[in-house]
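Asks: test case, fold it:
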Amino acid sequence: MSLEWTPEAIKAEIDYRQRSMLADAEHVRAARRGLPEHQSWWARLARRAGPTAPEGRKVQGSAA
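Replies: Alright, predicted model coming up:
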């Protein structure tokens, strides 16, 4: 037996999947609200203690 997809069945399937996806997204947002906020990777990288790079060569004169 072959399942015929009528326009109503397609619309119902799309609506069902969208509601499910929105419910999942809301669940994830609610779970994240309970977590402490963290710094971005760039802020963590800029503020971390690490080895210092040696100074470059000092050149007399202009850079041009």
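Asks: Asp24: how many residues sit nearby?
Replies: Neighbours of Asp24 under the rule other CB atoms under 10 Å: 10. In short, each C-beta sits where N, CA and C put it, glycine included.
Asks: could you look up the SS state of it?
Replies: Secondary structure assignment for Asp24 (DSSP: H, G, I helix; E, B strand; the rest coil): helix.
Asks: if I look at it, how far off is Thr6?
Replies: According to CB to CB, to the nearest Å, Asp24 and Thr6 sit 27 Å apart.
Asks: what is the burial count for Arg47?
Replies: Arg47 is flanked by 8 other residues according to other CB under 10 Å.
Asks: okay, the spatially most central residue of the chain: pLDDT?
Replies: The centre of the chain sits closest to Ser40, judged by CA atoms, centre = their mean, with a distance of 11.0 Å. Note for Ser40: predicted pLDDT of 85.
Asks: Glu4: what secondary structure?
Replies: Once three-state DSSP is applied, Glu4 turns out coil.
Asks: and Ile14, what element?
Replies: In the assignment (DSSP states H and E), Ile14 maps to helix 7-33.
Asks: same question for Leu45.
Replies: Assigned by DSSP H and E, Leu45 falls in helix 41-47.
Asks: alpha carbons only: can I get that helix in PDB?
Replies: Written as PDB, here are the backbone C-alpha positions of helix 41-47 (Å, rounded to 0.1, in the frame of the first residue of the first chain):
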ATOM      1  CA  TRP A  41      36.500  32.400  23.500                       C
ATOM      2  CA  TRP A  42      38.200  35.700  22.400                       C
ATOM      3  CA  ALA A  43      37.900  37.300  25.800                       C
ATOM      4  CA  ARG A  44      39.300  34.200  27.500                       C
ATOM      5  CA  LEU A  45      42.200  34.000  25.100                       C
ATOM      6  CA  ALA A  46      43.000  37.700  25.500                       C
ATOM      7  CA  ARG A  47      43.000  37.500  29.300                       C
END
